[in-house]
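In: Show me how the following folds:
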Amino acid sequence: MKNNEKKKILIVEDEKNIAELLAVNLMLAGYAYEVAYDGEEGLEKALTGEFDLILLDIMLPKMNGFEVCARVRRRLSTPIIMVTAREEEKDKILGLDTGADDYVTKPYSFNELLARIKSNIRRSGGELIAPEQSADAEHVLTVRGLVIDTERYSVERDGTPIELSKKEYDLLSFLAANLGRPYSREELLEQVWGYEGFYGDIRTVDVTVSRLRSKIEVDPSKPEYLFNKRGVGYYIK
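Out: Reported below is the predicted structural model:
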């Protein structure tokens, strides 16, 4: 890989030995990198640098990873993978809800992390979100009262805007573009997350579906849009 083709990754990690290990492995894998050792520095670098992906710890000095993630996501669509020792389900849900694209718990295999890095970079250029862009009819998906604008990256239900994380939006727009076709968790990990084989955690799909339902459905226990065909997969009707 030539130097001018290198993808650039921001490592936000307060434990220097872990940050250095990540940096060495990323360099050997052909990536460029920068390191930030606290949340405030991480946020500043994320917003002023041009990164293809952010590896973000949660337990950080000055500003925790959840806050960093939420504030980055207001400005950028850069892929964010949370890398942390916190493995409770509520932390994973919060991480995804604040805009993280994925969540990897320590200890982890670097090969697994590398596979997820490649998948996320491949599926997103990390460009600025531009809500001011004009929408064209061909960029709008409509499912009854649900309107998905694929240029503005926006969703409305009966005229009311719905705030979604990037991955919730990606999942919704993919299923809406393939109405009525059920997709298994494994298929969604490949099609929406870009993962193959064992590198994706199928619980990530269930968590994202649950969060998406809580936002687009009037009553998530009685869905009108997002259904699960038992033993087959998720689909939008």
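In: Could you use CA atoms for every contact and neighbour count after this?
Out: Noted.
In: Quick one: mean pLDDT for the strand or helix carrying residue 234?
Out: For residue 234, the element it lies in under DSSP states H and E is strand 233-236. Averaging pLDDT along strand 233-236 yields 92.
In: Next secondary structure after the least confident helix or strand in the chain by mean pLDDT?
Out: One helix or strand of the chain scores below all others by mean pLDDT, DSSP states H and E: helix 89-97, with a mean of 70. Tracing the chain C-terminally past helix 89-97 and defining elements by DSSP H and E, one meets strand 102-105 next.
In: Would you mind listing the buried residues in the helix or strand just after that next one?
Out: Downstream of strand 102-105, the next assigned helix or strand under DSSP H and E is helix 110-123. Residues 113, 115-117, 119-121 are the ones in helix 110-123 that count as buried (16 or more other C-alpha atoms under 10 Å).
In: which other residues reach helix 110-123?
Out: 25, 52-53, 79, 81, 101, 104, 193-195, 199-200 (C-alpha atoms under 8 Å, 6 or more residues apart in numbering).
In: got it, and stretch 9-17?
Out: Identification of contacts with stretch 9-17 by C-alpha under 8 Å, 6+ apart yields 19, 22-23, 31-39, 42, 45-46, 51-57, 60-61.
In: Keep only those of those that are in helices.
Out: The helices, defined by DSSP state H, take in 19, 22-23, 39, 42, 45-46 from the contacts of stretch 9-17.
In: now, among the buried residues of helix 110-123, which is nearest to residue 204?
Out: Distance to residue 204, by C-alpha to C-alpha, is smallest for residue 116 among the buried residues of helix 110-123, at 12.9 Å.
In: now residue 148: how far from residue 161?
Out: Per C-alpha to C-alpha, to the nearest Å, residue 148 is found 10 Å from residue 161.
In: no wait, residue 60
Out: As judged by C-alpha to C-alpha, residue 60 and residue 161 stand 32 Å apart.
In: which residues sit in contact with residue 59?
Out: Under the criterion of C-alpha under 8 Å, 6+ apart, the contact list for residue 59 reads 65, 84.
In: go on, residue 58?
Out: Residue 58 makes contacts with 64-66, 82-84, 86, as judged by C-alpha under 8 Å, 6+ apart.
In: Please report which of those residues has the highest neighbour count.
Out: Most neighbours among these, by other C-alpha atoms under 10 Å: residue 65, with 28 neighbours.
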